[in-house]
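Asks: give me coordinates for this.
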Amino acid sequence: MHVKLLIIGGVAGGATAAARARRLNEKAEIIIFERDEFISFANCGLPYYIGGSIKNRDDLLVTTAKEFESNYYVDVRTFSEVTSIDRKNKTVEVKDSREGRTYTESYDRILLSPGAVPIRPPIEDVSLKNIFCLRNIPDMDNIKSFIDNGKPESAVVVGGGFIGLEMAENLTKRGVRTTIVEMLNQVMAPLDPEMASIVHEFLHEGGITLELGNRVTAFGRNGDRIRVSKEKGDDIDCDMVILSIGVSPETVLAQQAGLEIGICGGIKVDEAMRTSDPYIYAVGDAVETRDLITGSAGMLPLAGPANKQARIAADNIMGRKTVFEGTMGTAVVKLFDKTIAATGQCEKKLHEKHIPYLKSYTFSESHASYYPGSEIMAVKLIFSPETGRILGGQIVGGKGVDKRIDILSTAIHGGMTVYDLEKLELAYAPPYSSAKDPINIAGFVASNMLKGDVEVVHWHELETFEKGKTVFIDVRTAGEVRKTGMIEGSLNIPVDRLRDRIHELQRGKTYIVYCAVGLRGYLAYRILVQNGFTVKNLSGGFFIYDAAQK
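Replies: Residues are numbered from 1 along each chain as shown. I've put the predicted structure just below:
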């Protein structure tokens with residue numbers, strides 16, 4: 001089948017689609033238009049080149065235009081911007097900035113992969129020198145050159161999302177004293193607040209200053225330095241600023257062509273990645289996709305979905321029917337020696353969509369505790385109260401977090417339940433896991449809740465209990481209590497003494513038991529409930545309670 005395919009934009013979407021299209025159709029005429037120099041680069045690696053973890057700049061270039069042309073017999077036109085689409089005559093207008101000319105090109109099919117652009121807020125002096133965004137290779141070069149040559153001592157990162165955290169880490173590694181200013185009360189919006197509180201501790205430990213619940217209102221100059229003004233608190237004088245407050249889908253070309261735009265502002269596509277024009281497809285950060293959990297439309301600027309969409313679009317363009325089912329937002333970020341990851345929906349979003357859910361917290365070691373180097377990970381599991389279907393997961397910790405979030409992502413995609421997590425046979429050897437993997441443990445705890453083996457209460461529900469009729473029992477050791485404190489007014493009865501002291505408890509009261517993370521609280525719950533007491537276990541124990549208060 002002969003088809004002339006124009007691909008507008010490279011990187012994850014465009015280059016992937018071109019390669020897939022060529023593998024499916026050797027006879028197709030394929031042209032890629034890229035307005036910049038680089039057709040395919042590892043944009044997720046940009047912060048790590050700035051920080052020095054990646055030494056060789058060329059390692060970020062997945063392929064060059066010349067290599068791509070040679071390998072895939074694709075006409076790659078860099079420094080070429082498509083400025084308009086004539087859908088009636090099936091032509092595009094192209095501006096070649098290198099040769100200074102404009103010309104038209106006909107097409108049978110178009111694939112749009114324009115990506116997204118960093119948001120620059122409409123505030124005073126946002127375009128001052130040494131206020132940077134990070135989206136592409138030239139951005140990276142500018143930032144690294146300034147750090148290498150200007151030797152900045154301090155920086156402000158505006159925004160605490162993925163790129164914001166990665167840049168804060170890498171600036172700190174370069175010896176730049178860094179402050180994150182975030183308008184929300186937490187970093188990492190895909191996390192729920194109590195899990196984000198753990199991340200806040202990681203940031204403090206890494207020497208990064210956090211200003212949460214605060215908004216930058218203006219920039220200015222104080223000599224050679226940048227003055228950052230905020231809604232609350234004193235101004236900050238620094239040597240550089242990184243704007244990391246999100247991205248906006250690049251839809252100008254699509255809108256000018258009259259293509260339908262979705263409710264979230266991205267290009268609207270169907271499950272074949274086809275736009276409202278049957279001859280034009282779109283993929284990547286510019287498109288609006290369906291959330292697998294809620295079914296609602298949303299934007300998800302991540303490389304993984306963009307690559308998959310590109311492959312699916314190429315299939316359909318070349319006559320092979322393939323469907324993009326939707327996204328789950330699976331993501332992971334490194335922060336010093338810690339890892340933060342999430343998949344599916346968070347509690348906040350499910351609440352907004354009025355979708356019923358339950359949640360559990362478990363704390364497990366990354367591998368067998370007796371083998372050196374194990375690290376604790378906090379696992380939050382969100383699931384359906386009716387079926388146990390897994391709706392989301394968040395994991396924060398050290399080693400092994402990435403492995404476990406991928407298991408949860410696979411489970412969600414497969415429609416699995418918490419009961420299935422109990423049964424999973426996962427690889428075990430002391431250096432890698434335990435006989436009961438952290439994912440198994442999460443399944444056991446969630447299943448216990450659904451089976452009625454334990455009744456839990458969460459940190460944010462404690463204030464709903466009547467004080468005179470409710471008694472808190474801290475079942476940790478006295479030494480642990482002295483070290484960390486306890487919930488005000490609690491009794492301290494270590495779990496191994498509970499049976500001996502059960503006569504001290506009164507019938508008719510509700511007892512809320514808790515330990516450090518939940519396990520000993522569960523043991524105490526089983527002792528008390530089988531002795532006829534009304535009891536609940538504080539999910540996640542004192543750790544989650546304490547983290548949520550910070």
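Asks: next up, the contacts around the spatially most central residue of the chain.
Replies: In the chain, the residue lying closest to the centroid (Cα atoms, centre = their mean) is Ala331, at 4.0 Å. Ala331 sits next to 162, 190, 302, 341-343 when contact means Cβ atoms under 8 Å, 6 or more residues apart in numbering. To be clear about C-beta, it is placed using only N, CA and C from the backbone, and glycine gets the same treatment.
Asks: tell me the bridge partners for it.
Replies: Per DSSP bridges, the residues bridged to Ala331 are Ala342.
Asks: give me the distance between it and Met183.
Replies: Ala331 sits 20 Å away from Met183, taking Cβ to Cβ, to the nearest Å as the criterion.
Asks: what does Gly532 give?
Replies: Using Cβ to Cβ, Gly532 is found at 50 Å from Met183.
Asks: more neighbours, the two?
Replies: Taking neighbours as other Cβ atoms under 10 Å, Gly532 and Met183 compare with Met183 leading, 16 against 8.
Asks: check whether the more buried one really touches Thr217, as I assumed.
Replies: No - in this structure, Met183 is not within contact of Thr217 by Cβ atoms under 8 Å, at 10.7 Å.
Asks: show me the shaky parts of the stretch 401-550 of the chain.
Replies: Residues of the stretch 401-550 of the chain meeting the criterion pLDDT under 70: none.
Asks: can you give me the strands for it?
Replies: 456-457, 470-474, 491-492, 510-514, 534-538 (DSSP state E, counting those that start in this stretch).
Asks: hmm, who's touching the second one?
Replies: When contacts are defined by Cβ under 8 Å, 6+ apart, strand 470-474 is touched by residues 481, 486-487, 489-493, 498, 505-506, 509-515, 524, 542.
Asks: buried ones only from those, please, as a PyMOL command.
Replies: To isolate the buried members of those in PyMOL, using 16 or more other Cβ atoms under 10 Å:
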select buried, resi 486+487+490+492+493+498+505+511+512+513+514+515+524+542
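Asks: neighbouring contacts of stretch 535-550?
Replies: Contacts for stretch 535-550 (Cβ under 8 Å, 6+ apart): 193-194, 197-198, 200-201, 359-361, 363, 378, 454-460, 462, 474, 476, 484-487, 510-518, 521-522, 524-525, 528-529.
Asks: at 7 Å what do you get?
Replies: 193-194, 197-198, 200, 360-361, 363, 454-459, 484, 486-487, 510-518, 521-522, 525, 528-529 (Cβ atoms under 7 Å, 6 or more residues apart in numbering).
Asks: one more: stretch 133-150?
Replies: Residues from elsewhere that reach stretch 133-150, judged by Cβ under 7 Å, 6+ apart: 36, 38, 41, 43, 46-47, 49-50, 118, 120, 130, 132, 152, 163, 167, 174, 176, 239-240, 242-243.
Asks: out of those residues, list just those in helices.
Replies: 46-47, 49-50, 163, 167 (DSSP state H).
Asks: and the helices in the stretch 351-500 of the chain?
Replies: In the stretch 351-500 of the chain, the segments counted as helices under DSSP state H, counting those that start in this stretch are 401-413, 418-423, 438-451, 478-484.
Asks: what's next to the first one, contact-wise?
Replies: Just to be clear, that refers to helix 401-413. 328, 330, 332, 339, 341, 343-344, 377, 379, 390, 393, 395, 420-421, 438-439.
Asks: which of those residues has the weakest pLDDT?
Replies: Least confident entry in the contacts of helix 401-413, by pLDDT: Met328, with 92.
Asks: was I right about that residue contacting Ala342?
Replies: No - under the criterion of Cβ atoms under 7 Å, Met328 is not in contact with Ala342, lying 9.4 Å apart.
Asks: more neighbours: those two, which one.
Replies: Ala342 (27 against 23).
Asks: what's the average pLDDT for stretch 198-217?
Replies: Mean predicted confidence for stretch 198-217 is 96.
Asks: max pairwise distance over the ones in helices among the contacts of stretch 133-150: which two?
Replies: Comparing all pairs in those by Cβ to Cβ, the longest separation belongs to Tyr49 and Ile163, at 13.5 Å.
Asks: so which of those two has more stuff around it?
Replies: Between Tyr49 and Ile163, Ile163 has the larger neighbour count (other Cβ under 10 Å), namely 25 against 21.
Asks: name the nearest residue to the more buried one, ignoring sequence neighbours.
Replies: Ser244 (4.6 Å; Cβ to Cβ, 6 or more residues apart in numbering).
Asks: OK, contacts around that neighbour?
Replies: 157-159, 161, 163-164, 167.
Asks: can you add distance to Ser229 and pLDDT and give these back as JSON lines?
Replies: Converted to JSON lines, the contacts of Ser244 look like this (distance: Cβ to Cβ, whole Å; pLDDT from 0 to 100):
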{"residue": "Val157", "distance to Ser229": "16", "pLDDT": "97"}
{"residue": "Val158", "distance to Ser229": "12", "pLDDT": "97"}
{"residue": "Gly159", "distance to Ser229": "16", "pLDDT": "95"}
{"residue": "Gly161", "distance to Ser229": "22", "pLDDT": "93"}
{"residue": "Ile163", "distance to Ser229": "23", "pLDDT": "92"}
{"residue": "Gly164", "distance to Ser229": "19", "pLDDT": "95"}
{"residue": "Met167", "distance to Ser229": "21", "pLDDT": "96"}
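Asks: pick the one among those closest to Arg23.
Replies: Ile163 (32.1 Å).
Asks: and the closest one, how far from Gly246?
Replies: Distance from Ile163 to Gly246, by Cβ to Cβ: 9 Å.
Asks: quick revisit: weed out the non-buried ones from the contacts of helix 401-413.
Replies: Among the contacts of helix 401-413, those classed as buried by 16+ other Cβ under 10 Å are 328, 330, 339, 341, 343-344, 377, 379, 390, 393, 395, 420-421, 438-439.
Asks: farthest-apart pair in those residues, please.
Replies: The span of those, defined through Cβ to Cβ, is set by Thr339 and Asp420 at 24.2 Å.
Asks: make TSV from the contacts of Ala331 and add distance to Gly265 to it.
Replies: Shown next, in TSV, are the contacts of Ala331 (distance: Cβ to Cβ, whole Å):
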residue	distance to Gly265
Phe162	20
Pro190	19
Leu302	17
Ala341	27
Ala342	23
Thr343	24
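Asks: and of those residues, the nearest to Ile312?
Replies: Closest to Ile312, out of all of these and judged by Cβ to Cβ, is Leu302, at 15.3 Å.
Asks: got a list of what that closest one touches?
Replies: So Leu302 contacts Ala331 (Cβ under 7 Å, 6+ apart).
Asks: where's it relative to Gly164, distance?
Replies: From Leu302 to Gly164 the distance is 15 Å (Cβ to Cβ).
Asks: Asn142 too?
Replies: On the measure of Cβ to Cβ, Asn142 and Gly164 end up 18 Å apart.
Asks: the two: which is more packed in?
Replies: Gly164 (25 against 14).
Asks: which SSE is Thr217 in?
Replies: Assigned by DSSP states H and E, Thr217 belongs to strand 216-222.
Asks: next structured bit after that strand?
Replies: Counting by DSSP H and E, what follows strand 216-222 is strand 225-230.
Asks: other SSEs contacting that following strand?
Replies: strand 216-222, strand 236-238, strand 240-243 (3 or more Cβ pairs under 7 Å, 6 or more residues apart in numbering; DSSP states H and E).
Asks: closest to Arg101 out of the contacts of Ala331?
Replies: Closest to Arg101, out of all of the contacts of Ala331 and judged by Cβ to Cβ, is Leu302, at 36.2 Å.
Asks: and stretch 285-301, what's its mean pLDDT?
Replies: 90.
Asks: same check, this time on stretch 360-372
Replies: 94.
Asks: tell me the buried residues in that stretch?
Replies: 360-368.
Asks: count of neighbours near the closest residue to Leu112 other than its chain neighbours?
Replies: Distances taken as Cβ to Cβ, 6+ apart place Ala282 nearest to Leu112, at 4.0 Å, with adjacent residues excluded. Ala282: 29 surrounding residues under other Cβ under 10 Å.
Asks: OK, contacts around Ala282?
Replies: Taking Cβ under 7 Å, 6+ apart, we find Ala282 in contact with 112, 254, 267, 269, 273, 275.
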